[in-house]
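S.K.: Dropping the sequence and predicted coords here.
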2 protein chains.
Amino acid sequence: MKKLSLKENNTADLPSPATLLFRKLSPSKQEKIFQAAVQEFASKGYRSASMNRLVKDAGISKGSLFLYFRTKRDLFDGVVEIAASKVKDYLKTVRDDTTNLLFFDRLELILRSGFDFIDRHPLLARIYFHLLQSGEAPFGSERIAMLRQQAEKFLSELIVTGIEREELKTGLDVPRLAFLINSLLETLLRAYYTDFLAPGLGLYRGNSQQLDQWVRTTLHLVREGIGNAAPESENPAKE
Amino acid sequence: MKKLSLKENNTADLPSPATLLFRKLSPSKQEKIFQAAVQEFASKGYRSASMNRLVKDAGISKGSLFLYFRTKRDLFDGVVEIAASKVKDYLKTVRDDTTNLLFFDRLELILRSGFDFIDRHPLLARIYFHLLQSGEAPFGSERIAMLRQQAEKFLSELIVTGIEREELKTGLDVPRLAFLINSLLETLLRAYYTDFLAPGLGLYRGNSQQLDQWVRTTLHLVREGIGNAAPESENPAKE
DNA sequence: GGCTAGAATGACCAAGTGGTCATTGACCGG
DNA sequence: CCGGTCAATGACCACTTGGTCATTCTAGCC
């Protein structure tokens, strides 16, 4: 019953990057083309993705592709649109499904859902993070900023709720903390599908035990920090 | 008093990417070429950097450049070598200059020195982070892993020392925390010179007041976390 | 001067790029 | 079976890429 409006098609104001012609194609053909595009962009990044290769993989002619999407950039935008909307749906779902939980339980679920999302949509995740990380791409940085702001706004709301429920300290610097925590989550997720980011730490394709440990350590850091509060003594200086 | 082995030039075992001919050049000419290369790689990233453009900027002929560096890759390696060694020196200096300070003061200084480093070497910083973040480059990922491991080992040592001095909790998951804290620092530094990463949060080219706030918030998070410890009650929620 | 070793040069190369467009071919109403 | 419409095609375009190499230039020596 709580299926809130998942549509919320605020992307509608932007003109779709695909041409009318493309949208008249049979769904299966559209799918085939998108799939090839996702594959190509995910594995090569925007700049090194080759339209020639893509066309071969999709099994269509080059001329057709440029009838469906006027430019490489348009095609990429179309792919990003899909990736972003999937990510958005996932964020929304997680948020709505966890409203009643405690802050740190919510945070844990967000993280775990992130791993899950990557398992389900590895290529889309790759594109999403590539976009998020990439300073070198010719994308209007507004799009990147928007993605980021979305996640941070989401986290901010979580934190504010946590404060209201007295699960978190008062007087927190919410927007900055949202940024910092978001960066922690992003790094973890990125390292989850990238082999060289955390070599030897069992995050990349880690088994569930290793992931548990990561989740525990991360939550512990965010919850309590690592400083020794010297709980017995009123004097936090040397013992 | 154990002088930690710093392994100064463990890069010496690798053959220098520059040719003999290049090393015989006058320092000023070497400098000019390096400068053009740094500029080009920093602004375009590895893949989009153009040797043709570079050659024009450096004011030498294309043939010469390829006499000095056999391939584009070699030239890039040469530039990275410089960037990495500068970063390394900076890390080492910060560490050695702060051994006597408390853990969180050290951490603060590391962060502030990072900002300072970026102010001083913006282009090298860009290349360094580009390398660190880039999954798309054709660099052997070992180099990236090495850079990362260096920073994390550095942080690990700091944490261990902090634990020994009872400034930090005992029983911490040191390597994972080093990874997480490192990711926080990296994100902050990256956002410090990247306009779109933390839009509106005053980190990009922020004034010193804004930076102070960032430092404070970050350290507070790492030290105490954001969880409400419910200090009045002696009831630490069982887990 | 003449000679020569070796450094500097830029025209040139094959390969690849994103993108175009004249041609083809498939379908359809008459 | 015709003509008309329009999607599909791939040869082709101008341009860029990293890299090469025959040629030219230059410095030093006799």
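M.R.: All right, it came through fine. Numbers count the residues shown, from 1 in each chain, chains lettered A, B, ... in the order given.

S.K.: Name the residues of stretch A:88-97 that are buried.
M.R.: Of the residues in stretch A:88-97, A:Lys88, A:Tyr90, A:Leu91, A:Val94, A:Arg95 count as buried by neighbour count, 16 or more other Cβ atoms under 10 Å in any protein chain shown. Bear in mind the C-beta positions are built from the backbone N, C-alpha and C, glycine included.

S.K.: just stretch A:151-163 next, same as before
M.R.: Applying a neighbour-count criterion of 16+ other Cβ under 10 Å, one finds A:Ala151, A:Glu152, A:Phe154, A:Leu155, A:Ser156, A:Leu158, A:Ile159, A:Gly162, A:Ile163 buried in stretch A:151-163.

S.K.: Kindly export it (C-alpha atoms) in CSV.
M.R.: The C-alpha trace of stretch A:151-163 is given here as CSV (Å, rounded to 0.1, in the frame of the first residue of the first chain):
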residue,chain,number,x,y,z
ALA,A,151,21.9,10.7,-2.9
GLU,A,152,22.9,13.4,-0.5
LYS,A,153,19.5,14.8,0.0
PHE,A,154,18.3,11.3,0.6
LEU,A,155,20.9,10.8,3.3
SER,A,156,20.2,14.2,4.8
GLU,A,157,16.6,13.3,5.3
LEU,A,158,17.7,10.1,6.9
ILE,A,159,19.9,11.9,9.3
VAL,A,160,17.4,14.6,10.1
THR,A,161,14.9,11.8,10.9
GLY,A,162,17.5,10.1,13.0
ILE,A,163,18.1,13.3,15.0
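
S.K.: Next, see if that stretch gets close to chain B.
M.R.: Yes. Applying Cβ under 8 Å from any Cβ of the partner chain, one finds that stretch A:151-163 is in contact with chain B at A:Ile159, A:Gly162.

S.K.: What average pLDDT does stretch A:185-204 get?
M.R.: The average pLDDT for stretch A:185-204 rounds to 92.

S.K.: Next, see if that stretch gets close to chain B.
M.R.: Yes. Counting by Cβ under 8 Å from any Cβ, chain B has neighbours in stretch A:185-204: A:Glu186, A:Thr187, A:Leu188, A:Ala191, A:Thr194, A:Asp195, A:Phe196, A:Leu197, A:Ala198, A:Pro199, A:Leu201.

S.K.: which helices and strands sit right next to the lengthiest helix in chain A?
M.R.: Using DSSP state H, we find that the single longest helix of chain A is helix A:72-97. Contacts defined by 3 or more Cβ pairs under 8 Å, 6 or more residues apart in numbering or on different chains; DSSP states H and E place helix A:72-97 against helix A:27-48, helix A:103-120, helix A:122-133, helix A:141-164.

S.K.: got the buried residues for the second one?
M.R.: Going back to what we said before, that points to helix A:103-120. For helix A:103-120, the neighbour count (16+ other Cβ under 10 Å) marks A:103-104, A:106-111, A:113-115, A:117-118 as buried.

S.K.: ok, which pair from these is furthest apart?
M.R.: A:Phe103 and A:Ile118 (23.3 Å; Cβ to Cβ).

S.K.: can you give me how far the helix or strand A:Arg53 falls within is from the chain middle?
M.R.: For A:Arg53, the host element (DSSP states H and E) is helix A:51-58. Computed by Cα atoms, centre = their mean, to the nearest Å, the separation of helix A:51-58 from the middle of its chain amounts to 27 Å.

S.K.: now swap in stretch A:186-199 and tell me
M.R.: Using Cα atoms, centre = their mean, the offset of stretch A:186-199 from its chain centre is 13 Å.

S.K.: residues from chain A in reach of DNA strand D?
M.R.: A:Leu21, A:Leu25, A:Ile60, A:Ser61, A:Lys62, A:Gly63, A:Ser64, A:Phe66, A:Leu67 (Cβ under 7 Å from any atom of the strand).

S.K.: now the first one: how far from B:Asn100?
M.R.: Applying Cβ to Cβ, to the nearest Å, one obtains 70 Å for the distance of A:Leu21 from B:Asn100.

S.K.: Looking at those two, which has the bigger crowd around it?
M.R.: Remark: of A:Leu21 and B:Asn100, A:Leu21 carries more neighbours, 11 against 7, as counted by other Cβ atoms under 10 Å in any protein chain shown.

S.K.: how far away is that one from DNA strand C?
M.R.: Distance of A:Leu21 to DNA strand C, given as Cβ to the nearest atom of the strand, to the nearest Å: 12 Å.

S.K.: tell me the contacts of that residue?
M.R.: Going by Cβ atoms under 8 Å, 6 or more residues apart in numbering or on different chains, A:Leu21 touches A:Leu67, A:Tyr68.

S.K.: how about 6 Å then?
M.R.: Taking Cβ atoms under 6 Å, 6 or more residues apart in numbering or on different chains as the contact definition, A:Leu21 lies against A:Leu67.

S.K.: same check, this time on A:Ile127
M.R.: A:Phe41, A:Ala42, A:Ala83.

S.K.: same thing with A:Phe41?
M.R.: A:Phe41 neighbours (Cβ under 6 Å, 6+ apart): A:Ala49, A:Val79, A:Ile127.

S.K.: Among the residues of chain A next to DNA strand D, name the ones in helices.
M.R.: Among these, the members found in helices (DSSP H) are A:Leu21, A:Lys62, A:Gly63, A:Ser64, A:Phe66, A:Leu67.

S.K.: Which two among these are spaced furthest apart?
M.R.: Longest span within these, Cβ to Cβ: A:Leu21 and A:Lys62, 14.9 Å.

S.K.: burial of A:Ala145, as a residue count?
M.R.: 16.

S.K.: Tell me how far it lies from DNA strand C.
M.R.: On the measure of Cβ to the nearest atom of the strand, A:Ala145 and DNA strand C end up 24 Å apart.

S.K.: Per-residue confidence at the residue in chain A positioned nearest to DNA strand D, what does it come out as?
M.R.: Of all residues in chain A, A:Gly63 sits closest to DNA strand D, with a separation of 1.8 Å (Cβ to the nearest atom of the strand). The per-residue pLDDT reported for A:Gly63 equals 97.

S.K.: what's in contact with stretch A:131-150?
M.R.: A:Tyr46, B:Gly45, B:Gln133, B:Thr194, B:Phe196, B:Pro199.

S.K.: Then stretch A:164-181?
M.R.: Stretch A:164-181 is contacted by residues A:Leu102, A:Phe103, A:Glu152, A:Leu155, A:Ser156, A:Ile159, A:Gly162, B:Ala198, B:Thr217, B:Leu221, B:Ile226, B:Asn228 when judged by Cβ under 6 Å, 6+ apart.

S.K.: want to try CSV for those residues, with distance to A:Leu172 as columns?
M.R.: Shown next, in CSV, are those (distance: Cβ to Cβ, whole Å):
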residue, distance to A:Leu172
A:Leu102, 16
A:Phe103, 12
A:Glu152, 14
A:Leu155, 12
A:Ser156, 10
A:Ile159, 7
A:Gly162, 9
B:Ala198, 17
B:Thr217, 8
B:Leu221, 9
B:Ile226, 6
B:Asn228, 10
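
S.K.: Having no further points to raise, I will conclude here.
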